[in-house]
Structure formats: structure tokens, C-alpha cells
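**Q** just to be clear, the model below is a prediction. Sequence and coordinates:
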Amino acid sequence: MQQRENVRNIAIIAHVDHGKTTLVDAMLWQSGLFRQNESVPERIMDSIDLEREKGITIMAKNTAITYRGVHINIVDTPGHADFGSEVERTLTLVDGVLLLVDAAEGPLPQTRFVLKKALEASLPPIVVINKIDRSDARPAEVLDEVYDLFIDLEAAEDQLEFPVLYTNARTGTATAKLAETGRSLEPLFEAILATVPAPRFEPGAGLQFRGAMLDWDDYVGRLVIGRIFNGRVRQAERVAVVHRDGAVELAKVTVLYGYEGLKRIEIAEASAGDLVAIAGIDSIEIGETVADAEAPVALPLIRIDEPTVSMLFSANISPLAGKEGRFVTSPQLRDRLMKERHINVGIRVEETGSPDTFRVSGRGELQLAILIEMMRREGFELEVGKPTIITRTENGQTLEPMEYLVIDIPEAFIGAVTQKIGPRRGAMAKMVNHGTGRVRLEYRIPARGLIGYRTEFLTDTRGTGLLNHLFDGWDVWQGDIAHRQSGALVADRSGRTTAYAIDNLQARGVMFVSPGLEVYEGMVVGENARENDMDVNITKEKKLTNMRASTADEAAKLTPPRVMNLEQCLEWIREDELLEVTPKSLRLRKRGLSGRRRF
């Protein structure tokens with residue numbers, strides 16, 4: 001085996017919001033990639049609008065810098081377990097990982113998730129404790145927690161001998177000793193060169209390239225992004241694609257791209273150890289191998305975590321369909337979902353008995369909500385049902401997915417939280433009090449017990465709680481879990497809502513609509529205070545006469561309606577309800593619109 005000393009491949013792994021993307025920003029700046037006066041947005045790597053809005057990384061992305069003549073490829077991975085398929089694929093591209101941990105929060109569930117994947121792949125880690133400037137930072141204790149985590153995950157002895165750096169990603173400084181103030185990220189660059197091994201390859205072997213990500217370019221079409229493990233590839237070269245079933249298909253490399261900073265640059269050829277994007281191969285799936293045309297040899301396929309949550313997606317057939325979106329037909333919906341399945345291996349799409357309904361499965365509620373939001377922004381109209389858990393049967397027993405839930409809350413809210421998790425079949429595994437006024441509770445809970453809980457949790461903790469969960473295997477069916485206790489207020493006719501009607505209905509429950517909004521029969525306009533559904537006339541107008549009333553005309557005093565976002569709507573609906581999603585609106589409705597069909 002030979003090594004390429006002038007290349008390093010490293011992935012940055014961390015929990016959501018621990019500063020991965022900010023650290024990559026600082027590394028790009030200090031590598032001399034940008035001019036001093038160049039205008040560069042904050043969190044450059046978060047290129048998708050949704051990533052900037054939510055402050056999380058959804059899609060893994062790669063960039064490259066040059067330090068002391070060594071080309072360092074950096075992959076920014078998602079920190080959320082719902083995008084675990086992205087993490088698993090990117091770890092096949094690299095030879096080492098940079099584990100980032102918040103100096104105050106310490107290792108959290110997603111830290112555990114991504115580190116477990118990295119240790120299974122035998123990748124050497126560099127531990128970076130970030131945000132040391134926080135007022136509640138406790139770097140020494142956090143380092144002990146990191147060691148405990150490594151031991152808990154059964155890390156090998158050589159993996160425990162990792163370098164530790166303390167950084168402030170915002171100011172772009174790193175230091176190996178807490179007592180010394182960091183001046184730049186040079187200690188981090190040096191640690192990468194010293195710790196991450198150079199790519200190894202067989203000198204005489206033919207081409208072996210495995211696709212880990214797919215992309216699209218309007219000029220050259222489909223791009224497959226991955227790493228060359230052996231051999232070399234050139235532009236206009238004939239190659240073989242080895243599919244999952246062993247079938248071999250010939251193709252031609254039309255364009256070859258390498259990475260320099262944030263840009264894709266066209267290159268003539270690339271060799272073992274390089275991360276490249278290849279255009280011209282249309283029939284390749286993620287995890288398949290591009291090999292030498294004369295003697296194709298496949299690399300091992302990438303194994304992805306099983307989906308645990310599924311939802312039914314269908315074309316919008318409500319009375320208001322087609323008024324706000326550009327793509328409203330079931331063939332357009334089918335094409336978009338099939339395209340997503342080809343690009344995102346974490347998503348599964350299956351046909352159902354109905355030609356305009358598709359079952360979409362993913363790793364979690366958030367992953368499916370992100371897909372719906374992206375489709376909505378592209379101009380699609382669709383209807384989705386309640387998220388349901390995927391079960392499996394073994395030895396005559398029904399098994400369901402379990403989650404490891406970690407909750408970080410102020411001490412005052414322990415009672416409110418434990419009271420809600422009990423009926424959801426959560427079993428407490430651990431309770432830790434750091435003495436800082438906040439408590440960490442750890443539970444093992446069925447995945448379906450978490451559907452609809454996040455919104456309640458934020459209300460119960462006044463927005464101060466942190467809730468994270470991680471897939472924790474399969475277990476025997478845990479019994480029934482009660483869903484939403486309250487019923488729905490359902491419009492019994494079409495028309496526009498009026499302030500007069502809403503004023504009279506406010507005593508019945510919480511309203512979801514404001515005056516002047518167009519509604520239709522069967523549309524959910526509010527939450528009933530009682531557990532049964534109730535048909536209401538929300539379009540009723542005040543009858544005007546020429547007689548003066550003794551009470552005089554009193555202005556209607558309206559409470560502002562409850563405006564729910566996409567995730568909250570998905571958590572709220574029951575089995576007999578649907579969420580209508582259009583580019584401009586989110587409407588809740590009953591499956592059967594007519595009152596006679598519902599009762």
C-alpha cells in the first residue's frame with residue numbers, strides 16, 4: 001500500500017448548534033481563500049435557505065483548503081440523527097474525524113450518534129472543545145465526559161489517545177492548553193496533518209470510485225460525488241458502473257470536477273485519495289462503484305439505518321386546490337418524490353393502492369417535514385397524513401422502534417416534564433444534576449411517544465428546555481399511547497370567516513383562523529376545548545336592522561389565532577385528518593369533508 005502525503009480527508013462531526021459550520025468558516029478565512037475585502041455571508045457552508053433559517057446542517061457538503069502544501073478536504077456533516085444517512089455516507093469519504101463539543105453543554109445524543117459511526121469505521125478522532133468563551137463553560141468537566149463517552153462506545157486503545165484542542169470558532173482561535181490564549185487556528189491545522197493519516201491505495205489496482213452523494217447541475221446534468229479509493233480517472237474516459245445487484249454497465253465521464261475552497265473546478269484527471277464529482281453517469285445509485293472498464297471490481301456497499309417513520313403523501317384534492325401552487329397533479333408529485341429517492345438514500349418512496357397517494361418513509365419526523373417544506377417552496381401542492389411508526393414482526397412478536405431521549409431543563413420544570421413522559425411510556429435511565437440549576441434527564445421511550453411532544457415540551461418549559469433523541473434499537477410493542485385529548489372545530493360550510501362568528505366561537509376553544517379567510521366544509525378552524533369534534537358556522541354574519549339595540553354595537557374582542565408551523569401541524573393531526581400544504585398556506589382538514597360522511 002502506498003500513501004499520498006499531499007492529501008488529507010477529514011469530516012467535522014458534532015451535535016446540532018455546537019459550531020461546526022462557524023468553525024469551517026474560520027478555517028476557510030485563515031487558509032487565505034478569500035480576499036480581505038471580499039463579501040462573504042456568515043455560515044458559508046449552509047447554502048440551502050432552510051439551513052440558514054433553522055440554523056442546522058441538512059445536507060453534507062465538502063470544501064477544501066491548502067495548508068503548507070497539503071490539500072485538506074473538509075466535509076461538513078449534519079448533526080441531527082434524522083439526517084443520519086448523510087453522516088454514514090460522508091464517513092466513507094474520509095480518513096479521520098474532528099469531533100466538536102460545546103464547552104458548556106458537553107456531549108449530547110447526536111454527538112454520541114456520529115461518534116459511534118466514526119469509531120465503527122476505525123477513524124482516528126481529534127477532539128475540539130468549542131465555545132470556551134461562554135460564561136458557563138466547563139471545559140475540564142466536558143473533556144472527562146468525552147473520555148467517558150469514548151469508553152462507553154468501546155473505543156479502541158489507539159482511538160483513546162486523541163489530541164485535544166480548545167477553540168473559539170467565532171473569533172477563529174485554537175489552543176492546546178487552556179492557560180494559553182489562542183491566536184489563530186494554526187494548532188488545529190497542525191493537529192490535522194499529524195493525526196489524520198494520508199490516503200492509502202494499491203499502486204497497481206484499477207479505478208475504484210464509490211458514490212456517496214448525488215447533485216444536479218443545470219449544464220452537465222447529474223453529478224455523483226465520492227472518493228477515488230484506487231487508480232485514476234480522466235475526462236472523456238470509458239468506465240464501468242457496478243450496480244447493487246452485481247450488474248455492470250458501461251458509461252463515459254463527460255466532466256470531472258475537483259474542489260478548491262467552495263468552488264467546484266474542472267480538472268483533467270484525479271487519482272486515489274481525491275474527492276471528486278463526476279458528470280455523465282446517469283444510472284448510478286448512492287453506494288455503487290465506478291470501476292475500470294476492462295476489469296471492474298466493486299467496493300463494499302454503504303449500509304444505511306432503517307427508516308422508522310412513514311407518512312402518506314397525496315395530490316391536493318381540497319376545494320381550494322390549484323389556486324396557490326404550480327405543481328398540483330399526482331404525476332408531478334410522483335416525479336418529485338422519485339427524484340428525492342435517487343438523491344437521498346435516507347428516504348424511501350413506495351406506491352400504494354391509490355394512483356395519487358405515496359408512502360414516504362424516513363428516519364424521523366423532522367426529515368420528512370424538511371422534505372415537505374422544500375417541496376412547498378418549489379411550488380408543489382400536496383396533502384399529508386399523520387406520521388406513523390414502522391413496526392416489524394419477529395418470532396410472533398410486534399417490535400417497534402425505540403428512542404434514547406435526553407432532556408436538559410431548569411430544575412423548576414422537572415415535575416411538568418416527568419408528568420408528561422410517563423403516559424408516553426418513557427422509562428427513566430439516568431438523572432444528572434450538575435449543580436448549575438439545570439438537570440439532565442435520560443429516558444428510553446417508544447418513537448411514537450415523541451410524536452406531538454416537542455411543542456408541549458417547549459410550552460411546559462417556557463422555551464428554556466433542550467430535547468434531543470436518538471434511535472436506540474427495537475423493542476416489544478409498549479402498549480397504547482393516548483394522542484391529542486381535545487377535538488377539532490370543523491367548518492360546516494364554505495365562505496369567508498367573520499369577526500362576528502369567531503367572537504361567538506372563542507368560548508368553545510382555540511381558533512386557528514383570522515377574519516376574512518376563505519374556508520371550506522370539512523376544514524379544521526380551531527381546537528375544541530372538549531374531546532369530541534364539533535361542526536361550527538364560522539362564516540355567520542351579523543344581521544343588520546334599522547332598529548337601535550339597547551346594548552349598542554360592541555366591537556368584537558378577538559384573541560389572536562394560534563398560528564402553527566409545519567412541524568406543529570404534523571404533530572397536531574389525528575388519523576382522520578390531513579394537512580393541506582401549499583406554497584402560501586397550511587390548512588388542516590378532515591379526510592371526509594362532508595359532515596354526513598364524518599358522523
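**A** Good, I have the coordinates. Numbering: from 1, shown residues only.

**Q** check Q36 and give its pLDDT.
**A** Note on Q36: pLDDT of 44.

**Q** ramachandran angles for the residue nearest to N565 when sequence neighbours are not counted?
**A** Sequence neighbours aside, L586 is the residue nearest to N565 in space, at 7.8 Å (criterion: C-beta to C-beta, 6 or more residues apart in numbering). C-beta: built from backbone N, CA, C; applies to glycine. Note on L586: backbone dihedrals following degrees, to the nearest 10 are phi -120, psi 120.

**Q** what residues are up against L586?
**A** 564-566, 569, 579-580 (C-beta atoms under 8 Å, 6 or more residues apart in numbering).

**Q** and these as TSV, adding secondary structure and distance to S314?
**A** Listed next are those as TSV, based on DSSP: H, G, I helix; E, B strand; the rest coil; distance: C-beta to C-beta, whole Å:
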residue	secondary structure	distance to S314
M564	coil	21
N565	coil	21
L566	helix	17
C569	helix	16
L579	strand	11
E580	strand	10
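
**Q** farthest-apart pair in those residues, please.
**A** N565 and E580 (14.7 Å; C-beta to C-beta).

**Q** with neighbour numbers in mind, choose between the two.
**A** Shown here are N565 and E580; by other C-beta atoms under 10 Å, E580 has more neighbours (21 against 11).

**Q** which residue is the nearest non-sequential neighbour of A291?
**A** That would be A240: by C-beta to C-beta, 6+ apart, it lies 5.0 Å from A291.

**Q** now that neighbour, which residues is it bridged with?
**A** L250, A291 (DSSP bridges).

**Q** now T436: how far from I407?
**A** 15 Å (C-beta to C-beta, to the nearest Å).

**Q** the more surrounded of those two?
**A** Neighbours were counted for T436 and for I407 using other C-beta under 10 Å; I407 has more, 23 against 11.

**Q** and the more buried one, that one's in a strand?
**A** Yes. Assessed by DSSP: H, G, I helix; E, B strand; the rest coil, I407 belongs to a strand.

**Q** that one contacts L467, doesn't it?
**A** Yes. With contact defined as C-beta atoms under 8 Å, I407 counts as touching L467 (5.5 Å).

**Q** in stretch 250-264, what's buried?
**A** 251, 253, 255-259, 261-262, 264 (16 or more other C-beta atoms under 10 Å).

**Q** nearest to I390 among those residues?
**A** Among those, A251 lies closest to I390 (C-beta to C-beta), at 34.8 Å.

**Q** please identify the buried residues of the helix or strand hosting I370?
**A** According to DSSP states H and E, I370 maps onto helix 365-378. Residues of helix 365-378 classed as buried by neighbour count (16+ other C-beta under 10 Å): 365-376.

**Q** can you give me the helices for the stretch 101-250 of the chain?
**A** 109-120, 139-152, 157-160, 186-195 (DSSP state H, counting those that start in this stretch).

**Q** who's in contact with E541?
**A** Contacts of E541 (C-beta under 8 Å, 6+ apart): 498, 500-501.

**Q** can you pick the most crowded of those residues?
**A** A501 (23 neighbours).

**Q** need the contact partners of the helix or strand hosting that one.
**A** Using DSSP H and E, A501 falls within helix 499-505. The contact list for helix 499-505 (C-beta under 8 Å, 6+ apart) reads 489, 511, 513-515, 526, 536-542, 556-558.

**Q** quick one: which of the residues you listed has the lowest pLDDT value?
**A** The model is least sure about A556 among the contacts of helix 499-505, giving it 68.

**Q** could you dump the contacts of L586 to JSON lines with distance to A121 and pLDDT?
**A** Below are these laid out as JSON lines (distance: C-beta to C-beta, whole Å; pLDDT from 0 to 100):
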{"residue": "M564", "distance to A121": "40", "pLDDT": "87"}
{"residue": "N565", "distance to A121": "36", "pLDDT": "84"}
{"residue": "L566", "distance to A121": "34", "pLDDT": "84"}
{"residue": "C569", "distance to A121": "38", "pLDDT": "87"}
{"residue": "L579", "distance to A121": "38", "pLDDT": "92"}
{"residue": "E580", "distance to A121": "43", "pLDDT": "91"}
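
**Q** which residues of the stretch 151-300 of the chain score low on pLDDT?
**A** Within the stretch 151-300 of the chain, the segments meeting pLDDT under 70 span 261-262.

**Q** in it, which spans are strands?
**A** Ranges of strands within the stretch 151-300 of the chain are 164-168, 173-175, 200-201, 208-217, 221-230, 232-234, 238-242, 248-252, 255-260, 263-266, 269-271, 275-279, 289-292, based on DSSP state E, counting those that start in this stretch.

**Q** quick one on the thing from earlier: just give me the closest of the buried residues of helix 365-378 to R222.
**A** M374 (18.3 Å).

**Q** how much space separates the closest one from R336?
**A** In terms of C-beta to C-beta, M374 sits 10 Å off from R336.

**Q** need the contact list for the closest residue to I281 other than its chain neighbours.
**A** Excluding its sequence neighbours, the residue lying closest to I281 (C-beta to C-beta, 6+ apart) is A251, at 4.6 Å. Going by C-beta under 8 Å, 6+ apart, A251 touches 238-241, 280-284, 290.

**Q** just name the closest of those residues to E411, please.
**A** Closest to E411, out of all of the contacts of A251 and judged by C-beta to C-beta, is I284, at 53.5 Å.

**Q** I12 is in what secondary structure piece?
**A** Using DSSP H and E, the element containing I12 is strand 7-14.

**Q** and the angle for that strand with helix 186-195?
**A** On the basis of axes from the mean of the first three to the mean of the last three C-alpha atoms, to 10 degrees, strand 7-14 is oriented at 120 degrees to helix 186-195.

**Q** between strand 7-14 and strand 275-279, how many degrees?
**A** 90 degrees.

**Q** partner strands of strand 7-14 and their direction?
**A** When pairing is defined by DSSP bridges, strand 7-14 lines up against strand 70-76 (parallel), strand 96-102 (parallel).

**Q** now the angle from the last one to helix 139-152?
**A** In this case it means strand 96-102. Computed by the same axes, to 10 degrees, the angle separating strand 96-102 from helix 139-152 equals 130 degrees.

**Q** again with the first one
**A** Here strand 70-76 points in a direction 80 degrees away from that of helix 139-152 (the same axes, to 10 degrees).

**Q** buried stuff in strand 70-76?
**A** 70-76.

**Q** which of these sits closest to I12?
**A** D76 (5.7 Å).

**Q** stretch 235-253: which residues count as buried?
**A** For stretch 235-253, using 16+ other C-beta under 10 Å, the buried residues are 235, 237, 239-242, 251, 253.

**Q** and for stretch 390-405?
**A** So, applying 16+ other C-beta under 10 Å, buried residues of stretch 390-405: 390, 400-405.

**Q** what separates the helix holding I370 from the chain centre, distance-wise?
**A** 10 Å (C-alpha atoms, centre = their mean, to the nearest Å).

**Q** number of nearby residues for the residue nearest to A194 when sequence neighbours are not counted?
**A** In space, A194 comes closest to P163 once its chain neighbours are excluded; the distance is 7.5 Å by C-beta to C-beta, 6+ apart. Here the number of neighbours of P163 (other C-beta under 10 Å) works out to 17.

**Q** isn't R496 right next to S514, touching?
**A** No. R496 is beyond contact range of S514, at 10.9 Å (criterion: C-beta under 8 Å).

**Q** I'm done for today, thanks for sticking with me.
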